[in-house]
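K.L.:
Structure for this input, please:
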Amino acid sequence: MTTALPDHDALVAMDRAHLVHPVAPWRLHEQRGPTVLSSGQGVWLKDDLGNELLDAFAGLWCVNVGYGQESVVQAAAAQMRELPYATGYFHFASAPAIRLADKLVQITPASLTRAYLTLGGSEAVDAAVRFIVQYYNNTGRPSKKHFISLQRGYHGSSSTGAGLTALPVFHRGFDLPLATQHYIESPYPYRHAQGGDAQALIAASVAALRAKVAEFGANNVAAFFCEPIQGSGGVVVPPQGWLKAMADAARELDILFVADEVITGFGRTGPMFACDAEGVEPDLMTLAKGLTSGYVPMGATMLSEKVYAGIADGAPAGAAIGHGATYSAHPVGAAVALEVLRLYEEGGVLANGQRVAARFAAGLDALCEHPLVGEARHRGLLGALELVSHKASRRGFDASLGLADRIFAAGYRNGLIFRSFGDHILGFAPALTITEAELDTLFERLAKTLDEVLAAPDVRAALAA
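P.N.:
Model (predicted):
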C-alpha cells in the first residue's frame with residue numbers, strides 16, 4: 001500500500017483548480033486530477049504516492065540520458081551562477097550559445113550550416129515555416145506558399161505547425177489546417193495498400209508527392225515536411241530508403257525538404273540523426289527533445305547555407321530579419337545541451353542505445369505472439385505494438401471499449417509507463433541509458449499488462465467477434 005506525501009491532497013486540489021494541462025480533456029481532468037511525479041533516477045520514476053515506475057517513454061520521447069545525470073545539473077547550475085540570461089538581440093551572444101551552434105553544425109548533416117536556437121520543437125517548426133516564407137519572398141518567388149506534410153504526421157502545436165500536424169485533435173476548434181496546408185498518405189506498411197512491399201510503398205509515396213505538387217503547381221509549393229519516423233501518429237516506421245527517396249523527389253520538384261527530427265534526433269533511432277542512416281541532407285531540420293534530454297526547454301532550427309543566404313542577401317541592406325524571441329539561444333539551455341551532447345558521444349550514451357537496441361527489438365517482436373498484438377515495429381530505441389481484435393484482417397477495437405486508457409492504467413498499476421495512443425498503438429522510447437536487465441523488466445511488465453487486459457470479458461468478446 002502506498003502512502004501519499006503530506007501535501008498530496010493540496011497539490012491535487014490546486015492542479016484541478018488552476019493548472020491547464022497540454023492535450024487533455026479539461027473538464028475530465030478536473031474530475032480525475034493529476035498523477036504527481038516526484039523524483040527520477042535513470043529510467044525510473046516515483047510518484048508522490050511512492051509508486052516506483054519504469055519509464056519506457058523517456059518522459060515525452062525526450063529524457064534520452066535518463067533522469068538524475070548530475071553533470072547536466074551541474075552544467076545548468078554553473079551557467080546560472082555565471083550568466084543566467086543573455087539576449088540574442090542587439091548582436092549580443094553568450095559563449096554556450098555560440099559553442100552549441102558550432103557543435104550542431106558539426107554533428108548534423110553537411111548541408112546544414114546555421115543554427116537558430118529555440119525553446120522547443122513547436123517553436124522550431126514555426127521558425128522553419130517563417131524562414132521558408134521569408135526565403136521565397138526574398139528570392140523572388142513569392143507565390144510558393146503551399147506546404148505538404150504527411151497524414152498522421154506531427155509537427156507541434158503552434159498556430160502554424162499544428163496545421164502541418166495531421167492529427168484531428170490538433171485541428172478541432174482551431175480553424176486548421178490552413179488553406180495552404182496539405183497532406184499525402186502516410187508511409188505506413190502495416191496499413192498501406194502496398195503492404196510489406198517496401199519498394200512499392202516508396203514509389204507510391206514519391207508518386208503522391210509528385211501528384212500533390214502538380215495539383216498546385218511547383219511554382220506555388222514551398223516545402224515538404226516529414227518525420228523520418230512518425231512519432232505521435234503511432235510510431236510509423238517507413239521502409240529503409242523512403243526518406244532518401246522523398247528528399248530526392250523534393251529536390252527534383254524544386255521544393256524545400258524539411259526533416260523534423262524532434263523525436264528521432266540524438267540517437268533515438270540508432271545514429272545521431274535518422275537522416276544519417278540514409279545520407280539525407282535536408283534544407284532545414286527541426287530539433288528539440290533529446291537536445292537537452294528534457295532537462296530544460298530548448299530546440300533548434302537548422303538551415304542550409306542556401307536558405308540562410310537567400311534570406312540574408314534578399315533582405316534590404318541593414319534591415320533586421322523580424323523573427324526572434326526573448327529566450328532565443330538561452331545560455332542555460334545551451335550549456336545543458338552541450339553537456340548532454342558530451343554524454344552522448346564521450347559518456348557512452350549513444351553507444352549504449354545502439355548496443356541494447358537488439359534486445360529492445362527482440363522484446364517487442366516476441367510479443368507478436370500475444371493474442372492482442374497485430375504488429376511490432378521499431379528502429380533503434382523507438383518502437384510500437386499495434387493491437388488488433390483480429391490478426392488476419394488487422395481489425396482494430398471499437399472506441400467504445402475505452403481500451404487505450406485501460407491499457408495505460410493497467411501498465412501503471414504494473415509499474416510501467418508507455419504511450420497508449422487512441423487507436424490502440426502502444427509507443428515505447430526508453431532512455432538510451434537503459435540496461436538489458438531493465439529492458440527485460442520492461443517486457444515482463446508489459447506482457448503482464450497485456451495479459452490483464454486480455455482477461456477482461458469485453459476484450460475477449462471483441463476478439464471472438
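K.L.:
Tell me where the stretch 301-450 of the chain has helices.
P.N.:
305-314, 331-345, 349-366, 403-413, 436-454 (DSSP state H, counting those that start in this stretch).
K.L.:
Could you say which of these is packed most deeply?
P.N.:
Each of those was scored by mean neighbour count; the highest is helix 331-345, a mean of 24, by mean count of other Cβ atoms under 10 Å. Bear in mind the C-beta positions are built from the backbone N, C-alpha and C, glycine included.
K.L.:
picking up where we left off before, turn the helices of the stretch 301-450 of the chain into JSON lines, including mean pLDDT.
P.N.:
JSON lines is the format used below for those (pLDDT from 0 to 100):
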{"stretch": "helix 305-314", "mean pLDDT": "98"}
{"stretch": "helix 331-345", "mean pLDDT": "98"}
{"stretch": "helix 349-366", "mean pLDDT": "98"}
{"stretch": "helix 403-413", "mean pLDDT": "97"}
{"stretch": "helix 436-454", "mean pLDDT": "98"}
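K.L.:
Could you dump the ones you listed into JSON lines and include distance to Phe174?
P.N.:
As requested, those are exported to JSON lines (distance: least, Cβ to Cβ, whole Å):
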{"stretch": "helix 305-314", "distance to Phe174": "28"}
{"stretch": "helix 331-345", "distance to Phe174": "28"}
{"stretch": "helix 349-366", "distance to Phe174": "34"}
{"stretch": "helix 403-413", "distance to Phe174": "23"}
{"stretch": "helix 436-454", "distance to Phe174": "33"}
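K.L.:
Quick one, which of those helices gets closest to Phe170.
P.N.:
With Cβ to Cβ, the closest approach to Phe170 among the helices of the stretch 301-450 of the chain belongs to helix 403-413: 17.3 Å.
K.L.:
what's the closest one packed up against?
P.N.:
Here helix 403-413 touches strand 419-420, helix 436-454, going by 3 or more Cβ pairs under 8 Å, 6 or more residues apart in numbering; DSSP states H and E.
K.L.:
Can you give me the distance of the residue nearest the centre of the chain to Gly59?
P.N.:
Against the mean C-alpha coordinate of the chain, by Cα atoms, centre = their mean, the closest residue is Ile263 at 2.9 Å. Distance of Ile263 to Gly59, given as Cβ to Cβ, to the nearest Å: 12 Å.
K.L.:
Check Ala95 too.
P.N.:
Ala95 is 28 Å from Gly59, where distance means Cβ to Cβ.
K.L.:
neighbour-wise, which of the two wins?
P.N.:
For Ala95 versus Gly59, the count of surrounding residues by other Cβ atoms under 10 Å is larger for Gly59: 19 against 15.
K.L.:
ok and the lowest-mean-pLDDT helix or strand in the chain relative to helix 436-454, angle-wise?
P.N.:
The weakest-scoring helix or strand in the chain, judged by mean pLDDT, DSSP states H and E, is helix 457-464 (a mean of 93). If you take axes from the mean of the first three to the mean of the last three Cα atoms, to 10 degrees, helix 457-464 sits at 90 degrees to helix 436-454.
K.L.:
got the angle between helix 457-464 and helix 403-413?
P.N.:
Going by the same axes, to 10 degrees, helix 457-464 makes 130 degrees with helix 403-413.
K.L.:
Please name every helix or strand in contact with helix 457-464.
P.N.:
Going by 3+ Cβ pairs under 8 Å, 6+ apart, helix 457-464 lies up against helix 436-454.
K.L.:
Let me know the angle separating the helix it packs on from helix 349-366.
P.N.:
Going by the same axes, to 10 degrees, helix 436-454 makes 30 degrees with helix 349-366.
K.L.:
from the chain's centre, how far out does helix 436-454 sit?
P.N.:
Taking Cα atoms, centre = their mean, to the nearest Å, the mean C-alpha location of helix 436-454 is offset from the chain mean by 24 Å.
K.L.:
How many residues are close by the residue lying closest to Phe266 once chain neighbours are set aside?
P.N.:
Excluding the flanking residues, the one nearest Phe266 by Cβ to Cβ, 6 or more residues apart in numbering is Gly290, at 3.1 Å. Neighbourhood size, Gly290 [other Cβ under 10 Å]: 30.
K.L.:
Gly40 now?
P.N.:
17.
K.L.:
who does the stretch of helix or strand it belongs to pair up with?
P.N.:
Following DSSP states H and E, one finds Gly40 within strand 37-41. Sheet pairing of strand 37-41 (DSSP bridges) gives strand 44-47 (antiparallel).
K.L.:
that older thread, the helices and strands packed on helix 403-413 into a markdown table, with extra columns for distance to Ala247?
P.N.:
Shown next, in a markdown table, are those (distance: least, Cβ to Cβ, whole Å):
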| stretch | distance to Ala247 |
| --- | --- |
| strand 419-420 | 28 |
| helix 436-454 | 33 |
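K.L.:
Go ahead and confirm Gly267 touches Gly348.
P.N.:
No - Gly267 is beyond contact range of Gly348, at 11.1 Å (criterion: Cβ atoms under 8 Å).
K.L.:
show me the residues around His171 that make contact.
P.N.:
Going by Cβ atoms under 8 Å, 6 or more residues apart in numbering, His171 touches Ala162, Gly163, Thr165, Pro177.
K.L.:
which of the residues you listed lies closest to Ala277?
P.N.:
Closest approach between those and Ala277, by Cβ to Cβ: Thr165, at 24.2 Å.
K.L.:
that older thread, just so I know, which of the helices and strands packed on helix 403-413 lies nearest Leu367?
P.N.:
Judging the helices and strands packed on helix 403-413 by Cβ to Cβ, what sits closest to Leu367 is helix 436-454, at 6.6 Å.
K.L.:
residues in contact with the closest one?
P.N.:
42-43, 54, 56, 356, 359-360, 363-364, 366-367, 370-373, 403, 406-407, 410-411, 414-416, 418, 426, 428, 430, 434, 459-460, 463.
K.L.:
hang on, the earlier thing: higher neighbour count, Gly267 and Gly348?
P.N.:
Gly267 (25 against 13).
K.L.:
Which of the helices or strands spans that one?
P.N.:
Following DSSP H and E, there is no helix or strand that holds Gly267.
K.L.:
where's it relative to Leu401, distance?
P.N.:
36 Å.
K.L.:
Please apply the same query to Met298.
P.N.:
Applying Cβ to Cβ to Met298 and Leu401 gives a distance of 39 Å.
K.L.:
And the residue of the chain most remote from its centre, how far from Tyr136?
P.N.:
For the chain, the residue at maximal distance from the C-alpha centroid (Cα atoms, centre = their mean) is Ala317, at 37.9 Å. For Ala317, the distance to Tyr136 equals 20 Å [Cβ to Cβ].
K.L.:
Isn't Trp26 up against Val20?
P.N.:
Yes - if you go by Cβ under 8 Å, Trp26 and Val20 touch, sitting 7.1 Å apart.
K.L.:
that older thread, which one of the helices and strands packed on helix 403-413 lies closest to Asn352?
P.N.:
For the helices and strands packed on helix 403-413, the distance to Asn352 is smallest for helix 436-454, at 9.9 Å, taking Cβ to Cβ.
K.L.:
between the helices and strands packed on helix 403-413, which one is nearest to Met272?
P.N.:
The closest of those to Met272 is helix 436-454. By Cβ to Cβ, the value is 21.7 Å.
K.L.:
pLDDT weak spots in the chain?
P.N.:
In the predicted model of the chain, residues 1-5 satisfy pLDDT under 70.
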